[in-house]
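K.L.:
Mind looking at a prediction? Sequence and model below.
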Amino acid sequence: MTEAVNLCVGLAMGLNLVALTTGRLPSLIRIVAVQGMLLGLMPLLLEHWAGPIVFLMVLGTVTIKGFVIPYLLRRAMRAAHIDRDLEPLIGYVPSLLIGAAGTVAAMAFAGRLPLLPEHRDTLLVPGAMASVLTGLLLLIGRTKAISQVCGYLVLENGIYLFGLLLVHSVPLMVEAGILLDLTAAIFVIGIIVDRIQRAFDSLDTRKLTTLRE
Amino acid sequence: MSRLLHALVSLVLLLGLAPLLPGIVGRVKALVAGRRGPPLGQLYFDLARLWRKDIVLSTVVSPGFWIGPAVAWVAVLGAALLVPIQPLGAVISFPGDMLLFVSLLALARFATVWAALETGSAFEGLGASREVSFAVLSEAALVTALVALCVQSGATSLEAMLTPTSGAAGVLLAAGLFLVLLAENCRIPFDDPATHLELTMIHEVMVLDHSGPLLATILHGAAVKLMCFTALLVSAVLPTQRLDGWLAALAWFGGVLSVTVAIGLVESFMARSSFRRVPLLLTTAFLLCFFALLVAWNEGGA
């Protein structure tokens, strides 16, 4: 059981680094979607009792993170006629190195935390922290609004992974609520992207820092 | 006596079979593209033809122009002698010979670059600068991979430390070493060995002005280097030590063959990446080896 969980989280950590190196918006969206689906399947591996609510939860997460959100993002991308290149503020090699260093630091830090014995051998905690760090890095280091949304999604994946630690004490309804919020947020961002595009003729967030009439 | 025989057999295998590998890669590429392709032993014919030709020497070059390829060939041969062939093992093996392996490859690169700069051609200078700047990253990855193997086995000679790795570390190490193999041997996605445009070449452009036996030496050296890296990758992943005799030899040859076919498939299905993406790919290779090292460290400490 631990092996499968570690494999999943390890793959998600690898996808974090791939997301940092990719230079294309569609592939970034695809990577984030795959990561979301991978982590969405995790409750099946963790739960010892597989009630119908868990299945529903997994189904909902995989559908929303793997299909609905990428669809919304792609539609926003098409509607706004965005360039596919990402134009990073932090270059690909530096962001890859920072991401890798962050992953190593997360592993080292998680080793020192007083965790429950059943969580000690899993990669859940370092994986969660590495995803949060990667999400922050994507948010800071990319200029396009949609790539920042992808960073936000990676960040949320990390928080979701952290939430899996508490899966026994927190009802899955909370997770479902978060998922609903997330979908609504992406939906709103899709509309905002369109508005920014119309007002500024670009989605470069650097241009949003200057005020004008 | 048996030691001498062993050395001779290894030498014949390494030097004799090495030109076959580019032939296999070429055949795989041709088959995937739906062509018949050149014969498997094309490089042997090329080498024989080049060896019979004269050398054209420019009036501006110093003896470094022909010393370079010779030094490079001997250095690559020396590196090949350190790589274990199953089930015979390495010809020469002593504690710490992994450092010699890396430095001999670096010497070979230095000699090739030296010979390339001798002609004063702008193209060759371009290729030399690219080769050296990519080498900085690929050597870092190679050294990290070797250190990971070291930590894992607790030995410092190539023959003893090439124990097969399993689990996550094995996968990471295999992927990292494969990327290093592609980069060091100037394969797609790092360099295109079949290109005809000087501006995009790396390795090929450095040897443009060499002809006849000098070019034959360079081509054969490149083939032996490919053999070295393939053997390194196979020994680091396949558990051939546990088998004995002919079975080990068979497994080893199967491994070498499949790595070569994999190179051919990569060359068929991928385009070379732009120069700006190459450092990123090499950094990825370095990180793969680095994570393998960390996993090995973790398992060794626990």
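P.N.:
All right, it came through fine.
K.L.:
Quick check: residues of the stretch 151-300 of chain B near chain A?
P.N.:
Applying CB under 8 Å from any CB of the partner chain, we find that the stretch 151-300 of chain B lies next to chain A at B:A168, B:R277, B:P279, B:L280, B:T283, B:T284, B:L287, B:F290, B:F291, B:L294. In this view, the C-beta of every residue, glycine as well, is placed from N, C-alpha and C.
K.L.:
Who wins on neighbours among those?
P.N.:
In terms of neighbours by other CB atoms under 10 Å in any protein chain shown, these top out with B:F291 at 26 neighbours.
K.L.:
what about B:G37, neighbour count?
P.N.:
16.
K.L.:
quick one: contacts of stretch B:30-38?
P.N.:
With contact meaning CB atoms under 8 Å, 6 or more residues apart in numbering or on different chains, stretch B:30-38 is reached by B:G23, B:G26, B:R27, B:K29, B:G264, B:L265, B:S268, B:F269.
K.L.:
let me fix that: stretch B:216-227
P.N.:
By CB under 8 Å, 6+ apart, stretch B:216-227 touches B:14-15, B:17-19, B:21-22, B:43, B:46-47, B:50-51, B:69-70, B:72-73, B:76-77, B:79-80, B:105, B:108, B:112, B:181, B:184-186, B:203, B:207, B:210, B:256.
K.L.:
Quick check on those residues: which are buried?
P.N.:
B:14, B:18-19, B:21-22, B:43, B:46-47, B:50, B:69-70, B:72-73, B:76-77, B:79-80, B:105, B:108, B:112, B:181, B:184-186, B:203, B:207, B:210, B:256 (16 or more other CB atoms under 10 Å in any protein chain shown).
K.L.:
circling back: identify those among the residues of the stretch 151-300 of chain B next to chain A that sit within helices.
P.N.:
Using DSSP state H, the subset of these located in helices is B:A168, B:P279, B:L280, B:T283, B:T284, B:L287, B:F290, B:F291, B:L294.
K.L.:
Identify the farthest-apart pair in those residues.
P.N.:
Spanning the widest gap among these are B:A168 and B:P279, at 25.4 Å by CB to CB.
K.L.:
who touches the spatially closest residue to B:A160 that is not a sequence neighbour in this structure?
P.N.:
Computed as CB to CB, 6 or more residues apart in numbering or on different chains, the closest residue to B:A160 that is not its neighbour in sequence is B:S153, at 6.4 Å. By CB under 8 Å, 6+ apart, B:S153 lies in contact with B:A160, B:M161, B:L162, B:T163.
K.L.:
Distance-wise, check B:S153 relative to A:N6.
P.N.:
Look at B:S153 and A:N6: by CB to CB, to the nearest Å, they are 24 Å apart.
K.L.:
Likewise for B:A75?
P.N.:
Look at B:A75 and A:N6: by CB to CB, they are 42 Å apart.
K.L.:
Same question for B:W252.
P.N.:
On the measure of CB to CB, B:W252 and A:N6 end up 32 Å apart.
K.L.:
how far is stretch A:143-153 from where the chain is centred?
P.N.:
In terms of CA atoms, centre = their mean, to the nearest Å, the centre of stretch A:143-153 is found 10 Å from the chain centre.
K.L.:
Residues contacting it, please?
P.N.:
So stretch A:143-153 is contacted by A:19, A:25, A:28-29, A:32, A:36, A:65, A:69, A:73, A:76-77, A:82-83, A:86-89, A:134-139, A:142, A:182, A:185-186, A:189, A:192-193, A:196, A:203-206 (CB under 8 Å, 6+ apart).
K.L.:
next one: stretch A:88-95
P.N.:
With CB under 8 Å, 6+ apart as the criterion, stretch A:88-95 contacts A:L20, A:T21, A:G23, A:I98, A:L137, A:I140, A:G141, A:R142, A:T143, B:P279, B:L280, B:T283.
K.L.:
Could you do stretch B:188-201 as well?
P.N.:
Under CB under 8 Å, 6+ apart, the answer for stretch B:188-201 is B:123, B:126-127, B:134, B:182-183, B:186-187, B:202-205, B:208, B:266-267, B:270-273, B:277-278, B:281-282.
K.L.:
and that stretch, how far from the chain's centre?
P.N.:
17 Å.
K.L.:
Distance-wise, check the residue of the stretch 101-250 of chain B found nearest chain A relative to A:G14.
P.N.:
Scanning the stretch 101-250 of chain B for the residue nearest chain A gives B:A168, at 6.5 Å (criterion: CB to the nearest CB). Per CB to CB, B:A168 is found 10 Å from A:G14.
K.L.:
Now do the shared contacts for the two.
P.N.:
With CB under 8 Å, 6+ apart, B:A168 and A:G14 have no common neighbours.
K.L.:
just checking, what's the longest helix in chain B?
P.N.:
Looking across chain B with DSSP H, the single longest helix is helix B:122-153.
K.L.:
Give the next helix or strand downstream of that helix.
P.N.:
helix B:158-161 (DSSP states H and E).
K.L.:
counting contacts, what elements does that following helix pack onto?
P.N.:
Applying 3 or more CB pairs under 8 Å, 6 or more residues apart in numbering or on different chains; DSSP states H and E, we find helix B:158-161 packed against helix B:97-118, helix B:122-153.
K.L.:
So for the longest one, what gets flagged as buried?
P.N.:
Along helix B:122-153, the positions that meet the burial threshold by neighbour count (16+ other CB under 10 Å) are B:123-128, B:130-131, B:134-135, B:137-153.
K.L.:
Helix B:97-118 and that helix, what's the angle between them?
P.N.:
Calculated by axes from the mean of the first three to the mean of the last three CA atoms, to 10 degrees, helix B:122-153 forms an angle of 180 degrees with helix B:97-118.
K.L.:
Include neighbour count and pLDDT when you put the contacts of B:S153 into JSON lines, please.
P.N.:
Listed next are the contacts of B:S153 as JSON lines, based on neighbours: other CB atoms under 10 Å in any protein chain shown; pLDDT from 0 to 100:
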{"residue": "B:A160", "neighbour count": "18", "pLDDT": "81"}
{"residue": "B:M161", "neighbour count": "23", "pLDDT": "79"}
{"residue": "B:L162", "neighbour count": "28", "pLDDT": "77"}
{"residue": "B:T163", "neighbour count": "16", "pLDDT": "74"}
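K.L.:
Going by distance to A:A108, which of those wins?
P.N.:
Nearest to A:A108 among the contacts of B:S153, with distances taken as CB to CB, is B:M161, at 25.8 Å.
K.L.:
didn't that closest one look like it was pressed against B:V151?
P.N.:
No - counting by CB atoms under 8 Å, B:M161 stays clear of B:V151, with 9.2 Å between them.
K.L.:
ok, the contacts of stretch A:88-95 vs B:F101, which is closest?
P.N.:
For those, the nearest to B:F101 is B:T283 (22.6 Å; CB to CB).
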